[in-house]
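Chemist: Mind folding the following:
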Amino acid sequence: MQDILRVLRRGGSLVFSFLEFADPAHWRHFENEVEGRRTGVVAHLNIHIERPVIRDDGCAELGYVCESPCRG
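Modeler: Numbers count the residues shown, from 1 in each chain. From the prediction side, this is the model:
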């Protein structure tokens with residue numbers, strides 16, 4: 001996020017998706033990724049995080065203005 005902010009045009013937007021631990025359906029993805037890393041078979045990197053971490057620790061710290069659903 002820090003490097004993107006450096007190259008983002010004034011008024012530009014950063015859009016990304018993530019898997020939220022608060023959603024029980026996302027745990028299956030997390031467990032599959034852990035197993036894939038254990039066995040050396042990982043198709044792609046998933047980000048597992050919580051909205052407050054993005055909003056409070058990521059956006060605010062770096063100077064981003066968060067918009068929905070970051071407010072959630």
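Chemist: Go ahead and flag the most central residue of this structure.
Modeler: A centroid search over the chain (CA atoms, centre = their mean) returns residue 18, at 4.2 Å, as the residue closest to the centre.
Chemist: Setting aside sequence neighbours, what's the nearest residue to that one?
Modeler: residue 47 (4.5 Å; CB to CB, 6 or more residues apart in numbering). Every residue, glycine included, has its C-beta placed from N, CA and C.
Chemist: try residue 29
Modeler: Nearest non-adjacent residue to residue 29 (CB to CB, 6+ apart): residue 19, at 5.5 Å.
Chemist: What are the buried residues along stretch 55-70?
Modeler: By neighbour count on 16 or more other CB atoms under 10 Å, the buried set for stretch 55-70 is 55, 58-59, 64, 66.
Chemist: remind me, longest helix of this structure?
Modeler: When the chain is parsed with DSSP state H, its longest helix is helix 27-39.
Chemist: avg pLDDT for that helix?
Modeler: Mean pLDDT, helix 27-39: 83.
Chemist: So what touches that helix?
Modeler: The contact list for helix 27-39, computed with CB atoms under 8 Å, 6 or more residues apart in numbering, reads 19, 21, 42-43, 46, 48.
Chemist: For residue 54, the count of nearby residues, please.
Modeler: Residues contacting residue 54 under the criterion other CB atoms under 10 Å number 21.
Chemist: how near is the residue nearest to residue 29 to residue 46?
Modeler: Distance of residue 19 to residue 46, given as CB to CB, to the nearest Å: 5 Å.
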